[in-house]
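[1] What follows is a predicted structure for the sequence shown.
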Amino acid sequence: MTTNFMLVAFERPAIDWHAVAPEIVLLSVGVFITLLDILFLEKARPYMAALSGLGVLATAIPLLTLGIDGTERVLFDGAYVVDNFSLVLKAIFLLAGYLVILLSTNYIVEGDYWESEYYGLLLASLMGMIMMASSRDLISVFVALELLSIPAYLMVAWRKRDPKSNEAGLKYYLMGVFASAVMLYGMSLLFGVSGTTVLSEIADSIDAGNGSSSVMTLGIVFVIAGFAFKVSAVPFHTWAPDVYEGAPTPVTAFLSVASKAAGFVALLALIFVGFYELSNIWEPLIWILSALSMTVGNLVALRQTNIVRLMAYSGIAQTGFMIAPLAVAGNSLATGDQALSAVVTYLAIYAAMNLGAFAVIITLARRTGSAEIDSFAGAFHFAPGLTVAMTIFLFSLAGIPPLGGWFAKFEVFRVLATSGETWGYLLAVIAAINSVIALFYYATIARKMWADEPLESDLNSVEITPSLVSALAICVLVTLLFGIFPQLVARFTEVSLLAFGT
Amino acid sequence: MENLLDSWGLTVATFSPLIGALVMFLIPKEKEYEHKMIALITSLWVAFVGLILLIWFDLDATDRLQYVVDKSWIQAIHSRYVVGLDGISLPLLLLTVLIVPLCIVYSWNHFPDPKNPKAFLILILVLETGMIGTFVAQDMVLFFVFFEVVLLPMFFMIAVWGGPNRKYASLKFFLYTLFGSALMLVSFLSLFFLTGAESFVFSEIADNVVAHTVSRTAQLWIFGGMFLGFGIKVPMFPFHTWLPDAHTEAPTVGSVILAAVLLKLGTYGFVRIAIPLLPDAAVEWAPWIGLLAVIGIIYGAFCCLAQTDMKRLIAFSSVAHMGFVMLGISTLTDFGINAAIMGMVAHGLITGMLFFLAGSMKERYHTLEIKRLGGLLIQAPKMGWVLGFCAMASLGLPGLAGFWGEFPAILSAYSPANGLPVETFRTFMVIAALGTVLAAGYLLWLLQRSAFGTPKEEFADDPNIHDVTKTEWIAWAPLLALILAIGIYPNLVFRATDAAVDASLTPCLTINADESTHEEIESAHCSDVYGLSDHGSDHHAASKG
């Protein structure tokens, strides 16, 4: 009897070890680093950055083998899925994570911050993101979200002695927790109506007629609002500028790219796998979020004098661009697939160009000691290489061909224009006008760097650390290559969630 | 040889400057001489390729795309790398490859502050890639990319090497053009979607539009988007305000390239894309385009009369001249569009030359304020004569290139295409003709004030004011010769453009030519015109056939 009972209770769900290999590798690296810190204390410190960087790269190996294998793997009754979509996103997260480690290396050493813990937390957050890419269940989405957020709250406050950083940490924490709460409430409503947490089953339940329930509507709105916090879409964006400014700049880079992307992944999974049929609810919502984010983000960015705050608002505007395709995604399955590819393409290109821009900001701020835009004046005279790189990133963000950003924007326009809906065209026109507004501040920075006289007479060239050089090289290369041969990125981002969801 | 040229000619011409720029990027900036040499050799090489392309170009079949290359580029969005050259692109391509080496020669010894020849020359070369690419691209997305590539180098050229007000001017230039092209892109995409075409290749889209799959309203809107994109670039009144600022602040070479080539991108867009692809909408829009064109002619001329700065005056004269070009285009006739292309080439040569002159005079006098100038013919007689020659050419003196741009454009407004209001266009014709009088007025007045009379006291004994130097002669002679040659024998240009323009209009405009008698109605597909067949893989074969 006892044995029988034990057997039933302890039936371990079948685990496809290959599918979770990336997570396991990353987890091991994280544990290993923590152990090293405990065992060797100070002696291990200098190796932390390199080790975590290698760890991230090692994680890419099982990812590659999974990609080559190419089969879709469904684990835990559909709660955790490894398909092309999740693999591409995991690759983006890993690349972003690796770049952030490169950016952090000297920053963290010089600031005399707690190095080992920093990398441990960074890896933990990365872990959450990688999990997020595969989560197709309300609970796994939530767990992944908390796993990626909680280390980020700590990292934002990493400059312990700086009140600004503390303020940023607290703000981010409170806002984040509030968003989580809203989201959880929404999830509980969804569960209440559909009786399940697995997204595809929620979709089935919607098909079965539960979609018309107003509780379901409320749940969807709450969940989307929760993630709108995460991706800093207007009107849920207020935390971003303060947090970005107060946080250590590499962490800001991490938040603005990886954390935002994670929010998007969850949003995509929820919308496409879970609520796709209820497009009459989420499409208008996304439309408003998108138009507002673009417009408000850009207009406020025009007035910024601090480059990090400017990047925060530009990031909000970029969010508006990124979610724009979703506003028409419910039109048809084909449009839906296109919208999904457009968002993923945007995320991939955005990661490269935005991290690149932050790499330049970190490097220049190391010299000028200030993040005021005016302090970048005349950078061409003391840092010509960095100026050229920054120019590439800025105009890529503005979407000028042949730099990567153009293709990202192009994809957005393509989806909006091919939707055939008046609303789609309208959003496309709003986006077109906004890309001009955005160009104003991007071009102003570039012009300052090229054409203005430097503030200081000190014209010695800037010292750039090797890790920053590699980060910059990767970002420049990716930005240019994706712009000139967009097929490179388009090949990988032609993914679909709908085939699976409906 | 022919084979090599067919498959590589245009690609080499387009990307050679970029390769030159990359090489220069790797050489440290102290080696100025090397930089200049590389830039010059690159641009000469491109000019040479252009010449070879011209020699092998089949002038009896200018209506067909030649040297067509059709390769896959971005499969995910059905955009292809399709380049080709026909009679419409050819003169503009040659203009580009001619102007760039001349600009490099001209700036050889006097780079504008803050010097840095490396960066300056790299920008010129990148600019060249963008310009050539725009003229040869046969795919909407490819066209858009090249169209935009041009913006960045010009922005920096103005922002870094420009005059005192450069920051404002550069940003204004950039924002205006980007605003237009962003809406243009939306138009392209909607057109692509609405036609249900399988690629962005012009001919394919044109076929699908001809097949009436796009509603009239949609066509009108889409044309409107393109109109903004191209019209701002031209620039047409009332979108012209960026031009005087950009021209005034840009360094000499920047102004020359801007006037000679960049403005043509807009008019070329109308001729190549907007009108052949959306003939129905073009007919609706044409009177409005014509109206804005004549307003531009008159307004530009009046502004010229009011200018006190020579460079700004020339800039406004561009607005007026491009008005003539747009008037020619708005008639939607073979005659008018031929005149427009001639006008583009002539304006490129003449106004380019005028900006060179303005630059050289600025260098000597350190001012271009017209009332402080004077007596150029005494102090620098050759230069005075060159200025006189260019002013005559610009005002449309018969026997010089400018005449063939202006006169036929005016004439073409007498009998616009079927479906266009004849009276309106005849009114336009009269107003435009008045514009030429005004043009003669402001140009002769300029000449009188700057070249005639005696030198002003402050410059009377200025040793700085010398006659045309050797480098200036090298840079200017080809332009002056061409202005004269085309003036005497306009067929140099018309020979290439005529058949191509005719072909680009006929099959598409027959839709509107219900009671057409003078134009034969062909049921030909637009892809025949472009020398492309319907199926991607056959494109190349067809072009050879």
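    On my side now, so go ahead.
[2] Residue A:432 touches residue B:186, doesn't it?
    Yes - counting by Cβ atoms under 8 Å, residue A:432 sits close enough to residue B:186 to count as a contact (5.5 Å). (C-beta placed from N, C-alpha, C; glycine too.)
[3] Now for the residue of the stretch 51-200 of chain A found nearest chain B, how many residues are close by?
    Using Cβ to the nearest Cβ, the closest approach of the stretch 51-200 of chain A to chain B is made by residue A:88 at 13.4 Å. As a burial measure, the neighbour count of residue A:88 was computed by other Cβ atoms under 10 Å in any protein chain shown and equals 23.
[4] again with residue A:496
    Residue A:496 - counted by other Cβ under 10 Å - has 17 other residues nearby.
[5] Check the spacing between it and chain B real quick.
    Separation of residue A:496 from chain B (Cβ to the nearest Cβ, to the nearest Å) stands at 13 Å.
[6] now residue A:247
    From residue A:247 to chain B the distance is 31 Å (Cβ to the nearest Cβ).
[7] ok, and the closest non-adjacent residue to that residue?
    Here the nearest residue to residue A:247 in space, its sequence neighbours aside, is residue A:156; by Cβ to Cβ, 6 or more residues apart in numbering or on different chains that works out to 4.2 Å.
[8] Does the one you found touch residue A:259 like I think?
    No - under the criterion of Cβ under 8 Å, residue A:156 is not in contact with residue A:259, lying 10.2 Å apart.
[9] Identify the contacts common to residue A:432 and residue B:186.
    In terms of Cβ atoms under 8 Å, 6 or more residues apart in numbering or on different chains, residue A:432 and residue B:186 are both contacted by the residues residue A:413.
[10] on that earlier part again, wait, is the residue of the stretch 51-200 of chain A closest to chain B part of a helix?
    Yes - residue assignment for residue A:88, taken from DSSP: H, G, I helix; E, B strand; the rest coil, places it within a helix.
[11] Which pLDDT value belongs to it?
    According to the prediction, residue A:88 has pLDDT 90.
[12] Name the spans of the stretch 351-500 of chain B whose pLDDT lies under the cut-off.
    For the stretch 351-500 of chain B, applying pLDDT under 70 flags no range at all.
[13] for the most centrally placed residue in chain B, phi and psi?
    In chain B, the C-alpha nearest the mean C-alpha coordinate belongs to residue B:264, at 1.8 Å (Cα atoms, centre = their mean). With angles defined as degrees, to the nearest 10, residue B:264 shows backbone torsions of phi -70, psi -20.
[14] Same question for residue B:69.
    Dihedral angles phi and psi of residue B:69 (degrees, to the nearest 10) take the values phi -120, psi 130.
[15] where do the helices sit along the stretch 401-545 of chain B?
    In the stretch 401-545 of chain B, helices defined by DSSP state H, counting those that start in this stretch lie at B:401-412, B:422-450, B:470-488, B:491-509, B:526-529, B:539-544, listed in chain order.
[16] which one of these lies closest to chain A?
    Evaluated over the helices of the stretch 401-545 of chain B, closeness to chain A peaks at helix B:539-544, with 18.7 Å, by Cβ to the nearest Cβ.
[17] Give me the longest helix you can find in chain B.
    Secondary structure of chain B read by DSSP state H shows that its longest helix is helix B:334-365.
[18] Please tell me how far that one is from the chain's geometric centre.
    Averaging C-alpha positions (Cα atoms, centre = their mean, to the nearest Å) puts helix B:334-365 10 Å from its chain's average.
[19] now the angle between helix B:470-488 and it, please.
    Per axes from the mean of the first three to the mean of the last three Cα atoms, to 10 degrees, the angle that helix B:334-365 makes with helix B:470-488 is 160 degrees.
[20] Alongside chain A, which residues does the stretch 1-150 of chain B contribute?
    Contact residues of the stretch 1-150 of chain B with respect to chain A, defined by Cβ under 8 Å from any Cβ of the partner chain, are listed as B:29, B:72-77, B:141, B:144-146, B:148-149.
[21] Report the buried members of those.
    Members of the residues of the stretch 1-150 of chain B next to chain A that pass the buried threshold by neighbour count (16 or more other Cβ atoms under 10 Å in any protein chain shown) are listed as B:73-74, B:76-77, B:141, B:144-146, B:148-149.
[22] what's the farthest-apart pair in the residues you listed?
    In these, the most distant members under the criterion Cβ to Cβ are B:76 and B:149, with 20.8 Å between them.
[23] these two touch, right, residue A:134 and residue A:76?
    No - the pair formed by residue A:134 and residue A:76 falls short of the contact definition of Cβ under 8 Å, at 10.0 Å.
[24] Just checking the distance from the longest helix belonging to chain A to the centre of its chain.
    In terms of residue count, the longest helix belonging to chain A (DSSP H) is helix A:333-368. Relative to the centre of its chain, helix A:333-368 is centred 8 Å away, using Cα atoms, centre = their mean.
[25] got any ranges where chain B has weak pLDDT?
    Per-residue confidence for chain B (pLDDT under 70) gives these ranges: B:1-2, B:212, B:506-545.
[26] now the strands: where do they sit in it?
    With DSSP state E, the ranges of strands along chain B come out as B:66-74, B:79-85.
[27] just those: most buried one?
    Between the strands of chain B, strand B:79-85 has the highest mean count of neighbours, a mean of 24, where neighbours are mean count of other Cβ atoms under 10 Å in any protein chain shown.
[28] I'd like to know which elements it is packed against.
    With contacts defined as 3 or more Cβ pairs under 8 Å, 6 or more residues apart in numbering or on different chains; DSSP states H and E, the packing partners of strand B:79-85 are helix B:2-26, strand B:66-74, helix B:117-136, helix B:140-149.
[29] Columns distance to residue A:293 on top of those, output as CSV?
    As requested, the helices and strands packed on strand B:79-85 are exported to CSV (distance: least, Cβ to Cβ, whole Å):
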stretch, distance to residue A:293
helix B:2-26, 36
strand B:66-74, 27
helix B:117-136, 32
helix B:140-149, 24
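[30] just the helices of the stretch 401-545 of chain B: most buried one?
    The highest mean neighbour count among these belongs to helix B:401-412 (a mean of 26), with neighbours defined as mean count of other Cβ under 10 Å.
[31] Do I have it right that residue B:84 meets residue B:69?
    Yes - using Cβ under 8 Å as the test, residue B:84 is close enough to residue B:69 to be in contact (7.5 Å).
[32] which residues do these two both contact?
    Taking Cβ under 8 Å, 6+ apart as the contact criterion, the residues that touch both residue B:84 and residue B:69 are residue B:10.
[33] what residues does the stretch 201-350 of chain A put near chain B?
    For the stretch 201-350 of chain A, the residues in contact with chain B (Cβ under 8 Å from any Cβ) are residue A:341.
[34] Which stretches in chain A count as strands?
    When assigned using DSSP E, the strands of chain A occupy the ranges A:73-75, A:80-82.
[35] Columns distance to residue A:381 on top of those strands, output as TSV?
    As requested, the strands of chain A are exported to TSV (distance: least, Cβ to Cβ, whole Å):
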stretch	distance to residue A:381
strand A:73-75	54
strand A:80-82	50
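[36] Quick one: those strands as TSV, columns for mean neighbour count and mean pLDDT too.
    Formatted as TSV, the entries for the strands of chain A read as follows, by neighbours: other Cβ atoms under 10 Å in any protein chain shown; pLDDT from 0 to 100:
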stretch	mean neighbour count	mean pLDDT
strand A:73-75	17	85
strand A:80-82	24	88
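[37] ok, how many other residues are close to the nearest residue to residue B:472 once chain neighbours are set aside?
    Distance criterion Cβ to Cβ, 6+ apart; nearest residue to residue B:472, sequence neighbours excluded, is residue B:360 at 6.0 Å. Here the neighbour count serves as a burial measure; for residue B:360 (other Cβ under 10 Å) it reads 22.
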